[in-house]
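**Student:** Mind looking at a prediction? Sequence and model below.
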Amino acid sequence: MQSKARHILVVRKANSDRAARLEAEIGAWLRARGHSVTAISGGFDDPAYALPDLDFAVVLGGDGTMLGVARRVAGRGIPLLGINFGRVGFLADIQPEQWEKGLADSLAGITPERTCMALQWKVLRNESTLAKGVAVNDVVLSRAALSRLVNMDIGVDGQEMCRLRSDGVIISTPIGSSGYSVSAGGPLLYPSLNCMVFTPICPFLNTIPPMVFPHKTRFCIDLLPGTTETYITVDGQEGLLLQVGDRVEVTGLEDAVCFVGKEMPFFERLRTRGFVTDMASGAKQK
């Protein structure tokens with residue numbers, strides 16, 4: 001089946017000669033079929049992400065590259081097809097040797113698409129926006145090397161939730177819940193849910209437990225005097241040093257990112273990541 005002509009963004013894993021070679025091959029294949037192609041290297045901002053007529057993206061990389069691209073096109077409805085050059089490939093699930101069939105089926109609409117929520121965040125300093133962006137997995141506020149705690153006032157939808165002293169907090173999406181959040185005691189969420197996890201990191205005197213909130217919840221986190229050096233980190237890839245008096249606001253974006261490909265079954269994903277052992281699974285099947 002011949003697909004309609006599209007403007008396709010091809011993003012290759014940075015510093016990968018193998019990905020660069022495949023990018024050239026895919027670009028020639030797409031142009032021969034009437035598509036427009038813009039090719040860039042991943043790992044940093046590029047004006048190409050803002051091109052208004054982009055309507056499909058092919059990512060040659062692992063999950064880290066996929067997350068970086070997803071953050072930059074979130075909310076635009078651009079389907080992302082991942083060709084795996086990483087080690088695991090939860091988000092990029094087509095193997096390089098199968099790229100042609102996978103790409104042809106995706107462009108023809110044969111391969112299913114799935115959407116997931118993201119997080120919209122911003123940092124306010126002196127009532128002005130210092131930085132803002134999107135996270136696909138999580139937004140983390142955490143202390144640096146010093147042993148002192150982070151002191152925070154935390155509000156939810158205009159209501160005061162708590163004053164927290166801890167090593168930090170994690171706000172994660174369902175697909176990000178199996179990362180840092182679960183390591184800090186947060187719950188695992190089914191990937192298709194539209195909700196957010198709030199997980200304190202080693203709270204002093206167990207001020208508040210991990211909690212699950214609707215995706216439209218708006219968190220306001222104010223850094224209080226006595227706070228140690230604190231960073232905001234987005235998807236484990238982008239960081240910014242904060243200071244006392246800064247406010248961090250985080251809310252959910254429903255159906256913000258579209259991935260092309262059949263999603264790995266939830267419990268297979270848990271087994272692959274070691275959350276559920278094969279021995280336990282086999283015992284239950286018996």
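**Tutor:** It's in. If you're wondering where the values come from, they're calculated on a predicted model, not measured in any experiment.

**Student:** Give the other helices and strands that the one helix or strand Val11 maps to contacts.
**Tutor:** Per DSSP states H and E: Val11 is located in strand 7-12. If contacts are counted by 3 or more Cβ pairs under 8 Å, 6 or more residues apart in numbering; DSSP states H and E, strand 7-12 sits against helix 17-32, strand 36-41, strand 56-61, helix 63-73. (Each C-beta comes from the backbone N, C-alpha and C, glycine too.)

**Student:** Quick check: the nearest residue to Gly185 once chain neighbours are set aside vs Glu100, distance?
**Tutor:** Spatially, and ignoring its direct neighbours in sequence, Gly185 is nearest to Pro210 (5.8 Å; Cβ to Cβ, 6 or more residues apart in numbering). Distance of Pro210 to Glu100, given as Cβ to Cβ, to the nearest Å: 44 Å.

**Student:** same deal with Gly236?
**Tutor:** From Gly236 to Glu100 the distance is 32 Å (Cβ to Cβ).

**Student:** Of the two, give the one with the bigger neighbour count.
**Tutor:** Just comparing Gly236 and Glu100: by other Cβ atoms under 10 Å the higher neighbour count belongs to Gly236, 15 against 12.

**Student:** quick check, the more buried one in a strand?
**Tutor:** No: read with DSSP: H, G, I helix; E, B strand; the rest coil, Gly236 is coil and lies in no strand.

**Student:** residues contacting it?
**Tutor:** Counting by Cβ atoms under 8 Å, 6 or more residues apart in numbering, Gly236 makes contact with Asn137, Asp138, Val140, Gly179, Tyr180.

**Student:** beta partners of the residue nearest to the second one when sequence neighbours are not counted?
**Tutor:** Taking Cβ to Cβ, 6+ apart as the measure, Asp138 lies nearest to Ser172, with 3.8 Å between them; neighbours along the chain are not counted. The partner list for Ser172 in beta bridges (DSSP bridges) reads Asp138, Val197.

**Student:** Ser172 against Val136, yeah?
**Tutor:** No: using Cβ atoms under 8 Å, Ser172 makes no contact with Val136, being 9.9 Å away.

**Student:** any shared contact partners between those two?
**Tutor:** Taking Cβ under 8 Å, 6+ apart as the contact rule, Ser172 and Val136 both touch Leu119.

**Student:** List phi and psi for Pro214.
**Tutor:** Main-chain torsions, Pro214, degrees, to the nearest 10: phi -60, psi 150.

**Student:** Please list all residues in contact with Ile136.
**Tutor:** Not Ile; residue 136 is Val. By Cβ under 8 Å, 6+ apart, the residues touching Val136 are Leu67, Ala70, Arg71, Ala74, Cys116, Ala118, Leu119, Thr173, Ile175, Gly176, Asp235, Val257.
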